[in-house]
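Participant: Structure for the following, please:
(one chain, ligands or ions: 1)
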Amino acid sequence: MTYPATFLWGASTAPHQVEGNNVNSDWWAREGLMPGMEPSGDADDSYHRYREDIRLLAEAGLDSYRFGIEWARIEPRPGQFSRAELAHYRRMIDTCAEFGVTPVVTLHHFSSPGWFADEGGWLAERATERFASYVTEATTILDGVGWVVTINEPNQMAMMIMLQEAMRTGSLDEWLSPTVQSEGDRTRIAASLPVPTPEFGLPFVAAHHAVRDIVRERTGAKVGWTVANGALTSTPGNEEKFREVLYNLEDLYLEAARGDDFIGVQSYSSQAVDANGLVPHPDHPDNTLVGTAYRPDALGMAVRHAAEVTGLPVLVTENGIATADDDRRIHYTREALGHLESAIDDGIDVRGYLHWSLLDNYEWGHWGPTFGLIAVDRTTFVRTPKPSLAWLGEVARTARSSTLEGHVR
Ligand code: BGC
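Facilitator: Below is the predicted model of the structure:
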């Protein structure tokens, strides 16, 4: 009886990570420039194979699919909107309906049109206006969609644009300690990235608030955004630093969600904060393929914190593990769900669980870290569901039938 009858059970993807050939986007351009970055290329060719992806998800027993629509395709030039691309995404929404799947649609998931980036991106004066104009067009295909995410992980985006600014102004080296540079270890580099200051987050807050009203006025959807939840903890004596890091990294974005219809929680691991800030994930054989600590308990911590700060219903929009060992994925997810159930039992209003990710996909520069419930052959694009897909589908079926029994009783 833990899970409410309308609880969504599903999986998530992002357009740039699965579609392939997102050639008008800023990410496509970046992939050719950054040393050590693999290209996304054809990705999973989900642009053409979305029907099969939705079918596999539904047949496994899941009932919800979070996917994104790609701004760079819909608005290839400023003010020039592609009817054909809008129709493409409408077909995806209709395909979900055909398979009895609830779509959760993300309007922006890290990638933007190249022209938007050239104009100065999120730091440009016209950023909100540009985004709002795209979202206004996008709402024309969202009829009947119940859940809309405006911006995915604005806190990660803030970190990314701060990094880009540092590269542009030549101050990047100040961030990276000599050890990190000499080892060239990208997971360590990621762990050493600084916490974004509010000036890099505020453009996202403005954009989110502007489009939240547009989506509400033009569709019947519940609107929210998703935050990368770090399940942060303080080390003894460092509470003040902890509060500063927590605010800049997370709470700024959670507070900005007040007034939304839900908060999207995205949880993978947990990290401590000491006097110097975020403590990098210690080296440990249990670490995931992206170098993060194995912490399924993070989900419960993240959900509780997000609910407390926002006062909103929670939708878990991402939770998962980068591993080549699918048993480990099942193990991690089973434990994470246990922590989620405790939070629900404690009265937290959780509306659904969407696993990251439906497919092994392009992990922003790298193909190595596999998060998928389904493997994809990158040459033939043949999909091979992993045991974890059937396992999660069964969890969903069982939860649904016990809720039903509870109601009948
Ligand atoms: C992002 C995804 C990413 C995942 C795993 C989240 O930060 O929204 O795009 O693939 O985490 O790293």
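Participant: can we go C-alpha only for contacts and neighbour counts from here?
Facilitator: OK.
Participant: got any ranges where the stretch 101-250 of the chain has weak pLDDT?
Facilitator: 172-193 (pLDDT under 70).
Participant: And the helices in it?
Facilitator: 114-118, 127-138, 154-168, 178-183, 186-192, 198-218, 239-246 (DSSP state H, counting those that start in this stretch).
Participant: For this protein, which segments are assigned as strands?
Facilitator: 8-12, 64-68, 102-108, 147-152, 222-229, 232-234, 263-267, 271-274, 277-278, 314-319, 350-356, 374-376, 383-385 (DSSP state E).
Participant: Save those strands as JSON lines, and put in distance to residue 92 and mean neighbour count too.
Facilitator: Output for the strands of the chain, formatted as JSON lines (distance: least, C-alpha to C-alpha, whole Å; neighbours: other C-alpha atoms under 10 Å):
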{"stretch": "strand 8-12", "distance to residue 92": "14", "mean neighbour count": "27"}
{"stretch": "strand 64-68", "distance to residue 92": "9", "mean neighbour count": "26"}
{"stretch": "strand 102-108", "distance to residue 92": "9", "mean neighbour count": "24"}
{"stretch": "strand 147-152", "distance to residue 92": "14", "mean neighbour count": "25"}
{"stretch": "strand 222-229", "distance to residue 92": "19", "mean neighbour count": "26"}
{"stretch": "strand 232-234", "distance to residue 92": "36", "mean neighbour count": "21"}
{"stretch": "strand 263-267", "distance to residue 92": "21", "mean neighbour count": "28"}
{"stretch": "strand 271-274", "distance to residue 92": "37", "mean neighbour count": "19"}
{"stretch": "strand 277-278", "distance to residue 92": "40", "mean neighbour count": "20"}
{"stretch": "strand 314-319", "distance to residue 92": "19", "mean neighbour count": "26"}
{"stretch": "strand 350-356", "distance to residue 92": "18", "mean neighbour count": "24"}
{"stretch": "strand 374-376", "distance to residue 92": "19", "mean neighbour count": "20"}
{"stretch": "strand 383-385", "distance to residue 92": "18", "mean neighbour count": "17"}
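Participant: I'd like to know which of these is closest to residue 134.
Facilitator: strand 102-108 (9.1 Å; C-alpha to C-alpha).
Participant: Identify whichever of the helices of the stretch 101-250 of the chain lies nearest to residue 321.
Facilitator: helix 186-192 (14.8 Å).
Participant: Mind listing residues that contact stretch 227-246?
Facilitator: 152-156, 195, 250, 253-254, 263-278, 298-299, 301-302, 305-306 (C-alpha atoms under 8 Å, 6 or more residues apart in numbering).
Participant: Is it possible to get a markdown table of the strands of the chain that adds distance to residue 74?
Facilitator: What follows is the strands of the chain, written out as a markdown table (distance: least, C-alpha to C-alpha, whole Å):
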| stretch | distance to residue 74 |
| --- | --- |
| strand 8-12 | 20 |
| strand 64-68 | 12 |
| strand 102-108 | 11 |
| strand 147-152 | 15 |
| strand 222-229 | 20 |
| strand 232-234 | 37 |
| strand 263-267 | 24 |
| strand 271-274 | 37 |
| strand 277-278 | 38 |
| strand 314-319 | 23 |
| strand 350-356 | 25 |
| strand 374-376 | 26 |
| strand 383-385 | 27 |
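Participant: Quick one: closest of those to residue 286.
Facilitator: For residue 286, the closest of the strands of the chain is strand 271-274, at 14.9 Å, according to C-alpha to C-alpha.
Participant: possible to save the helices of the stretch 101-250 of the chain as JSON lines with mean neighbour count and distance to residue 106?
Facilitator: What follows is these, written out as JSON lines (neighbours: other C-alpha atoms under 10 Å; distance: least, C-alpha to C-alpha, whole Å):
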{"stretch": "helix 114-118", "mean neighbour count": "17", "distance to residue 106": "18"}
{"stretch": "helix 127-138", "mean neighbour count": "19", "distance to residue 106": "11"}
{"stretch": "helix 154-168", "mean neighbour count": "19", "distance to residue 106": "12"}
{"stretch": "helix 178-183", "mean neighbour count": "12", "distance to residue 106": "34"}
{"stretch": "helix 186-192", "mean neighbour count": "17", "distance to residue 106": "25"}
{"stretch": "helix 198-218", "mean neighbour count": "18", "distance to residue 106": "12"}
{"stretch": "helix 239-246", "mean neighbour count": "18", "distance to residue 106": "25"}
